[in-house]
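Participant: Here is a sequence with its predicted model. Questions after.
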Amino acid sequence: MADYVAGVYRHTSGRYSASLFSVVIKFFGTHPQAYQALIFGGLSSFVLSLYAVTAGVTGRAKAGSELAVALGSLLTIIALIKFPWPAEGIFWLTGSVAYLYPATLTGVLVALLCWLYGRPSSAHWLQWATAMLLCFLIPGFSEVTALLLPLVYIGAAGALRVPAWRGPWGGLGAAMLLGSLLTLASPAHFAEWHTLGAGHGASALVKAMVLATGGMVYCVVNWLGDGILLLVLLLGLPLAAALAQADTHSSLLHRLTRQPLLWPLLTLAGVWVAFLFCHVASGLAPALRVKNLLYLYFVAGLLLSAYSWASRFEARYVALLVARPVQMGLTGWLLVACLSDHNVHLTHDSIGAGSNTVVQAYRDWLGGSAARYDQQQRARVAFVHTAPSSAAPLRLDPLRERPQTIFYYDISANENLWGNVAYAQFYGCPAVYVSEKDEPR
């Protein structure tokens, strides 16, 4: 495995952690029947990491366990309700390893740091070593995490007023910086940069900055535009009020949110830097799986910003917002917003379309689309397993059902493209292609 990681680092990508965790993909290669379990395990681990964060944040609060469960549920809703593209970020195993795994490990890291900050006298060196290992691993999953994590660390160190490069916190920063430099300075990246030639990279910096600004604004407007995230935040105000009554001296959350402008600025800056990097490095906007990660970064910053501002509200305004009639009205509004189709153009084809990721997932599941998609895929696999060995390519019927939640990519009409070749190699069958039965070749 070490040789594989080193080879990928030198020749393909600087994502050493993604290469290391690709052992999960190798396990799937020998146990394909475990795919559903691997996907479920990845998603469940991510959700559990959110509850771990809230457990760490509410450690000193009254009714801590009940508050932690409620806050964990709130985080899960916010993280998934507008998740841009679950097909690539959750149900595609490679995308899950590269982008969901680091989000999960970040949740574990935050929970651990909350505990260490609140109980400095009880901290063991092994716990700090685990935190440093996580700080080294997380940037190695992608270039985006390698950019965002140091940015967050600098902001957090400034908010906590801790020595950024001394003591255990300095060790965290050093591990993070080392991981980020290793990822971004991979020999493979310099070779790819060289092959892009003129018209890319620094020569197009101004254009990339303009495109990055437009892309960032477009994403933020779409994430906030229908008001669902803002409604969920307002419904979470009673939880924020309960959390604000906890011991603030030993709370990492309270110390991080004392400066009201810090997290709004860091959140927007992080999304912009990620867009800029993608435009400079490749000349393209971030892929959908990258935007999944940026969305999680955005909602984390949004929650910190909202808590920072809400903790400064006068008591009378907080009492008004958390009053039962107001909360009931907001709940009804949220229900309508989630179940409506947001059919702005009032076109007939868009009636009933899923307005957010969670509603769309339920539609794909309860409407039978996911089950029909599964039947089509199983029929394909059964066909290629029973087909006689011959040199003639096998024709497969096109997929009639493509549920938005889980459908990512299909093989093509050209048996020589990489997806078709990989499909045939995986199932040990002749070359395959997709076309209608009577369609000429």
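Facilitator: Everything's here; your move. Fair warning: this is a prediction, and the values are worked out from it, not measured in the lab.

Participant: which SSE is the most centrally placed residue in the chain in?
Facilitator: In the chain, the residue lying closest to the centroid (C-alpha atoms, centre = their mean) is residue 293, at 3.3 Å. When elements are assigned from DSSP states H and E, residue 293 belongs to helix 288-310.

Participant: follow-up on the earlier one: for the residue nearest to the centre of the chain, which residues are in contact?
Facilitator: 89, 99, 102-103, 142, 144-145 (C-beta atoms under 8 Å, 6 or more residues apart in numbering). Where C-beta positions appear, they are placed from N, C-alpha and C, glycine not excepted.

Participant: same question, residue 306
Facilitator: With C-beta under 8 Å, 6+ apart, residue 306 has these contacts: 233, 236, 240.

Participant: do that again at 6 Å, thanks
Facilitator: residue 233 (C-beta atoms under 6 Å, 6 or more residues apart in numbering).

Participant: Over to residue 75?
Facilitator: Neighbour list for residue 75: residue 50 [criterion: C-beta under 6 Å, 6+ apart].

Participant: switch the cut-off to 8 Å
Facilitator: Contacts of residue 75 (C-beta under 8 Å, 6+ apart): 50-51, 53-54, 303.

Participant: Make TSV out of those and add neighbour count.
Facilitator: Formatted as TSV, the contacts of residue 75 follow (neighbours: other C-beta atoms under 10 Å):
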residue	neighbour count
50	24
51	18
53	25
54	26
303	24
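
Participant: Farthest-apart pair in these, please.
Facilitator: Greatest spacing in the contacts of residue 75, by C-beta to C-beta: 51 and 303 (14.6 Å).

Participant: Helix or strand for residue 330, just tell me which one.
Facilitator: Using DSSP H and E, residue 330 falls within helix 324-339.

Participant: quick one: buried residues of that helix?
Facilitator: For helix 324-339, burial by neighbour count (16 or more other C-beta atoms under 10 Å) applies to 330, 334, 337-338.

Participant: Output the residues you listed in a markdown table, with pLDDT appended to each entry.
Facilitator: A markdown table is the format used below for those (pLDDT from 0 to 100):
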| residue | pLDDT |
| --- | --- |
| 330 | 79 |
| 334 | 79 |
| 337 | 75 |
| 338 | 74 |
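
Participant: and which of those is nearest residue 19?
Facilitator: For the buried residues of helix 324-339, the nearest to residue 19 is residue 338 (38.7 Å; C-beta to C-beta).

Participant: So for that closest one, what's the nearest residue that isn't a sequence neighbour?
Facilitator: residue 359 (5.7 Å; C-beta to C-beta, 6 or more residues apart in numbering).

Participant: and the one you found, how far is that from residue 83?
Facilitator: For residue 359, the distance to residue 83 equals 12 Å [C-beta to C-beta, to the nearest Å].

Participant: okay, these two: which has more neighbours?
Facilitator: residue 83 (21 against 16; other C-beta atoms under 10 Å).

Participant: give the contact list for the more buried one.
Facilitator: Residues near residue 83 by C-beta under 8 Å, 6+ apart: 89-90, 292, 295-296, 357.

Participant: burial measure for residue 130, as a count.
Facilitator: The tally of other residues near residue 130 (other C-beta under 10 Å) stands at 15.

Participant: Tell me which helix or strand it sits in.
Facilitator: helix 125-137.

Participant: Output the contacting helices and strands for that helix.
Facilitator: Packing contacts for helix 125-137, counted by 3 or more C-beta pairs under 8 Å, 6 or more residues apart in numbering; DSSP states H and E, involve helix 101-118, helix 167-184.

Participant: mind checking how far that helix is from the chain centre?
Facilitator: Its chain's C-alpha centre and that of helix 125-137 lie 22 Å apart, by C-alpha atoms, centre = their mean, to the nearest Å.

Participant: and what of stretch 298-306?
Facilitator: Centroid separation for stretch 298-306 versus its chain: 14 Å, with C-alpha atoms, centre = their mean.

Participant: so what's residue 297 up against?
Facilitator: 148, 267, 270-271, 274.

Participant: Tell me which residues of the one helix or strand residue 274 maps to come out buried.
Facilitator: In this structure, residue 274 sits in helix 262-282 according to DSSP H and E. Neighbour counts over helix 262-282 (16+ other C-beta under 10 Å) mark 262-264, 266-268, 270-281 as buried.

Participant: quick one: least confident helix or strand in the protein?
Facilitator: Every helix and strand in the chain was compared by mean pLDDT, DSSP states H and E; the lowest is helix 187-196, with a mean of 62.

Participant: Does residue 292 touch residue 87 like I think?
Facilitator: No: in this structure, residue 292 is not within contact of residue 87 by C-beta atoms under 8 Å, at 10.0 Å.

Participant: okay, these two: which has more neighbours?
Facilitator: Shown here are residue 292 and residue 87; by other C-beta under 10 Å, residue 292 has more neighbours (24 against 19).

Participant: Give the closest residue to the residue of the chain positioned farthest from its centre in space, chain neighbours not counted.
Facilitator: The centre of the chain is farthest from one residue, residue 390, which by C-alpha atoms, centre = their mean lies 43.1 Å away. Nearest non-adjacent residue to residue 390, counting by C-beta to C-beta, 6+ apart: residue 430, 5.9 Å away.
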